[in-house]
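In: Here's my sequence, what's the structure:
(chains A and B)
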Amino acid sequence: MAHRSFLPGARAANIIIALGAFALGWAIYVRYALLEQSSVGLACRTLETMTCETRALVIALFSQSAFGIVALVAALLQLVRPSLVMFTLALMATCMGLVIYNNSLAGVAGGLLLISFARPWRGARG
Amino acid sequence: MRLPLALAALVCAAIVAVWAWLGQPVPAPFAPMSAGEKLPCVSYAPFRPGQSPFSEDVAFSRAQIDDDLARLSKITHCVRTYSSIQAGLSAVPELARKHGLTVLQGIWIAADPVRNRAEIEGGIKAAQENPDVVTAVIVGNEVLLRGEQSANDIAGFLKEVKGKVPPGVAVTYADVWEFWERNRSLADSVDFVTVHILPFWEDMPVPAEDSVAHLGEIREHVGEIFAGKEILIGETGWPSEGRMREGALPSPSNQANVIQELLALAKAKNYRLNVIEAFDQPWKRVLEGTVGGHWGFLDAYTREFKFTWGAPVSDHPYWMAQAAVGALFAGAIFAIAGWAARRAGGRPLGMREWSAVGGIAFFAGLMIGRLLASVPVESLGVGGWIRGAALVGLALLVPLACAVAIGRRTRLVTLTLALNSEATPGAPFFDRCLALLLAASLVLAAQIGFGLVFDPRYKDFQFAGLTPIIAAFAFYAVVASPGRFTEGRQAETIAAGLFLAAGVYVALNETLANWQALWTGSLFVVLAFTLWRLATAGRRI
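Out: Now for the predicted structure:
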């Protein structure tokens, strides 16, 4: 059934949705609890905690559009050759990029993921 | 033959009528400035198109600043700057003296302590060397708003600067009025309180028609909080381009009217006022979207005034050209539908099909002129221009392709026609092309939609580009019969659900007072129903 379009089964879909929701939730936490709290930013001028290191790392990553680039590359690979693993990776990166200031590229990735459901799926069973 | 001609004439007339209405000059309020009278003060940043403070090698020539200040000296008594050292800005006080201007000298305070030290020393030096020109030093601009320093840090900077500038030079700090309200003790460290009152950027945005009353109300409120302290409204104004925030619409006429009404209020109430800003600053679009680059009342490119005191202003001064382009495009859509129908043979198109073509032609013809005007204004950077080009390309191609599809009675296409050829053997080439346009349109609409859902504050709505595309697919989907391939349409189903949710969210999130959001949200809902029809038409129950 090489011509069947990409569509994860029920069990895989549950896992993908859970991982996507986790990525989205983590990104929302990072943006609104760490990045956009000026009190955290001021405190991190003098502190070296795990939270401050995470904050600095995320700032460095989104400043270089890292979330968006990873999302876009993964979504393109998914479009070329759909697979559960690549879809999951692309979805997680897209969720992070959409929330953490890389939404121009992550938005394109989201669109590519949508149309990837119309691509032939070599891994289809049956 | 008479039906399409009559419909085409009707659609073209409607397009011209709408543009004529949109292009009408908006009457100006009573001009507060008498002939030759100057503004009290304006914000001045010297960046021209292509220049940005984010660029390491930006440098302004003295001639550039000299030319700007020569223009500004005809309309204002004073300029407010924001940095003391940035790439040639140290020349401002000296050149201001040459043109008879005074200066509110800015010191840019941010997170970097080394840079802050250089700014503070530069500001002190400017005041010490030019006490006849520099009337006040503004130590920090919206630093608390950005969260880059604490109020105690700023008080320390203010104390240091106050101790080093000549006695006649005042020292102040500038921030949005709410941050003054939350940090009242900071007033003890300044000679006067500099508050920013920007109705457009308020947490609850204020429409242009209410903005002057709002400014007066907030100014009185701040005056009560800091009774006995002098108040300077350090920034107020209105943008001429960009996205709406709730009911607040940036437009040339709103900018002209708001600025004139603000000045009239300031004169009547004897408020000290600085208007933001002199020249449009295109680089600010990086931080604040299209709106950010259009607060100037002088154009960034022509360096001329955008409006004349007391004169009516048209929000669409090129409406005749936009109407003509729209009518031509609408005519082309009718023509290509007729050509496709004749070429396909069979029975002629009926009222239903021609009405659908008329719908496509109306929306495409109406919006193409606006799209062509908005793309250069709203596109920024490589990504922005790629999206702008994609919008123009699809807004031109999709209406024509859908008109051809109606003309040749193309059955409903699905994404699989373009993306899964093995599952759709024998499909006509045209159907595959139309499906490819659908796929490209979905990616574009998703990019815009996701942006408006997850990070909308500085995003334009792009409804001018989306309208021709989404309307064309919608009218085509209404009249086309179900396609041959009905398997594997999950992409359409999933996309329909997402666009429905996005459409409702965008409209509600931006509030119903925002007609741009309402329009864009409605487009996403229409796209959702179109995709739903593509996903379900011909399905066996």
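In: can we go C-alpha only for contacts and neighbour counts from here?
Out: OK.
In: Where do the domain boundaries of chain B fall?
Out: As given by automatic domain parsing, the domain ranges for chain B are B:2-16+B:316-536, B:40-292.
In: and these as TSV, adding distance to A:Phe117, mean neighbour count and mean pLDDT?
Out: What follows is the domains of chain B, written out as TSV (distance: least, C-alpha to C-alpha, whole Å; neighbours: other C-alpha atoms under 10 Å in any protein chain shown; pLDDT from 0 to 100):
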stretch	distance to A:Phe117	mean neighbour count	mean pLDDT
domain B:2-16+B:316-536	5	21	96
domain B:40-292	33	20	94
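In: Run through chain A and note the low-pLDDT ranges.
Out: Along chain A, segments meeting pLDDT under 70 span A:1-2, A:125-126.
In: can you map out the strands along it?
Out: Applying DSSP state E to chain A gives no strands.
In: Now distance to chain A too, for the domains of chain B, in TSV please.
Out: As requested, these are exported to TSV (distance: least, C-alpha to the nearest C-alpha, whole Å):
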stretch	distance to chain A
domain B:2-16+B:316-536	4
domain B:40-292	5
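In: Buried by neighbour count: which residues of the lengthiest helix in chain A qualify?
Out: If you go by DSSP state H, chain A has its longest helix at helix A:10-29. Residues of helix A:10-29 classed as buried by neighbour count (16 or more other C-alpha atoms under 10 Å in any protein chain shown): A:Ile16, A:Leu19, A:Gly20, A:Ala23, A:Leu24, A:Ala27, A:Ile28.
In: Spell out which parts of chain A neighbour chain B.
Out: Counting by C-alpha under 8 Å from any C-alpha of the partner chain, chain A comes close to chain B at A:2-5, A:7, A:37-39, A:41-42, A:98-99, A:101, A:103-112, A:114-120.
In: Could you tell me the end-to-end distance of stretch B:498-517?
Out: End-to-end span of stretch B:498-517 (C-alpha to C-alpha, to the nearest Å): 17 Å.
In: helix, strand or coil for B:Val139?
Out: State at B:Val139, reduced to three classes by DSSP: H, G, I helix; E, B strand; the rest coil: strand.
In: hey, what's it bridged with?
Out: Taking DSSP bridges, one finds B:Ile107 as the beta-bridge partners of B:Val139.
In: I'd assumed B:Lys159 was in contact with it.
Out: No - B:Val139 is beyond contact range of B:Lys159, at 10.0 Å (criterion: C-alpha atoms under 8 Å).
In: List the residues that contact the spatially most central residue of chain A.
Out: Nearest to the mean C-alpha position of chain A, counting by C-alpha atoms, centre = their mean, stands A:Ala93 at 1.7 Å. Residues in contact with A:Ala93 (C-alpha atoms under 8 Å, 6 or more residues apart in numbering or on different chains) are A:Ala23, A:Phe67, A:Gly68, A:Val70, A:Ala71, A:Ala106.
In: out of the residues you listed, who's nearest B:Glu246?
Out: Among the contacts of A:Ala93, A:Ala106 lies closest to B:Glu246 (C-alpha to C-alpha), at 25.8 Å.
In: so where do the helices sit in chain A?
Out: A:10-29, A:38-43, A:50-63, A:66-80, A:84-99, A:103-115.
In: any idea how far B:Phe157 is from the residue of chain A positioned farthest from its centre?
Out: What lies farthest from the middle of chain A is A:Thr46; by C-alpha atoms, centre = their mean that is 31.1 Å. Using C-alpha to C-alpha, A:Thr46 is found at 19 Å from B:Phe157.
In: got the domains of chain B as CSV, with distance to B:Thr302 columns?
Out: Formatted as CSV, those follow (distance: least, C-alpha to C-alpha, whole Å):
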stretch, distance to B:Thr302
domain B:2-16+B:316-536, 15
domain B:40-292, 10
